[in-house]
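Q: Let's see this in three dimensions:
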Amino acid sequence: MAKVADSRHVDARRGSVYPHPFRDQLEGRLKRRLGDIVGLRQFGVNLVTLEPGAWSSQRHWHEKEDEFVYILTGEATLVTDDGEQTLGPGMFAGFPAGEANAHRLANNTDTPVVYLEIGTRTLDERAYYPDVQMKAHKVDGKWVFTRNDGTPY
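A: Here you go, the predicted model:
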């Protein structure tokens, strides 16, 4: 039987699990894990709100996990290695696993941005954050962050 839920009743998590000081720009990010509520295991689906001035993440790319974003409301600035472009309602972007093109969304407007974030779930994953010289390794579903030289935060 299909599982049905109402996103308005899903608790939102504010901020990020990044080490300090890399989480400051994400304090205005609210994430609702919709896929978890309906029992999805192979990919995640999140409903994300970026308050004015907030970022989706530090710029990053993944070795094994595909990512996809679809803008529902507002205008987000997509920042990649190729530069910046504006994404409005109905626009979407994909980030294939293994492509070293670091990305993030930023809300540079005075109104909230709401989007869907969909991505592969792997138990063992690596992500790279070139702007802040950070790496992340997912072990048993939990992220561990290190500096590029391997020293922990």
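Q: Would you mind naming the residues that bridge with the residue nearest to Gly74 when sequence neighbours are not counted?
A: Excluding the flanking residues, the one nearest Gly74 by Cβ to Cβ, 6 or more residues apart in numbering is Val113, at 3.5 Å. Where C-beta positions appear, they are placed from N, C-alpha and C, glycine not excepted. Beta bridges link Val113 to Leu50, judged by DSSP bridges.
Q: how many neighbours does Val113 have?
A: Per other Cβ atoms under 10 Å, the neighbour tally for Val113 reads 27.
Q: And it, how far from Gly88?
A: Relative to Gly88, Val113 is positioned 9 Å away (Cβ to Cβ, to the nearest Å).
Q: Now do the end-to-end distance for stretch 114-127.
A: By Cα to Cα, to the nearest Å, the extent of stretch 114-127 from end to end equals 24 Å.
Q: Leu105 and Thr80 touch, don't they?
A: No: counting by Cβ atoms under 8 Å, Leu105 stays clear of Thr80, with 10.3 Å between them.
Q: What number of residues are in the vicinity of the nearest residue to Gly88 once chain neighbours are set aside?
A: Once flanking residues are discounted, Gly88 sits nearest to Glu75: 5.0 Å by Cβ to Cβ, 6+ apart. Neighbour count for Glu75, taken as other Cβ under 10 Å: 15.
Q: What pLDDT does the model give Glu75?
A: Looking at Glu75, its pLDDT reads 99.
Q: thought it was touching Leu87?
A: Yes: here Glu75 reaches Leu87: they are 7.0 Å apart, a contact under Cβ under 8 Å.
Q: quick one on the thing from earlier: who are the contact partners of the residue nearest to Gly88?
A: Counting by Cβ atoms under 8 Å, 6 or more residues apart in numbering, Glu75 touches 86-88, 109, 113.
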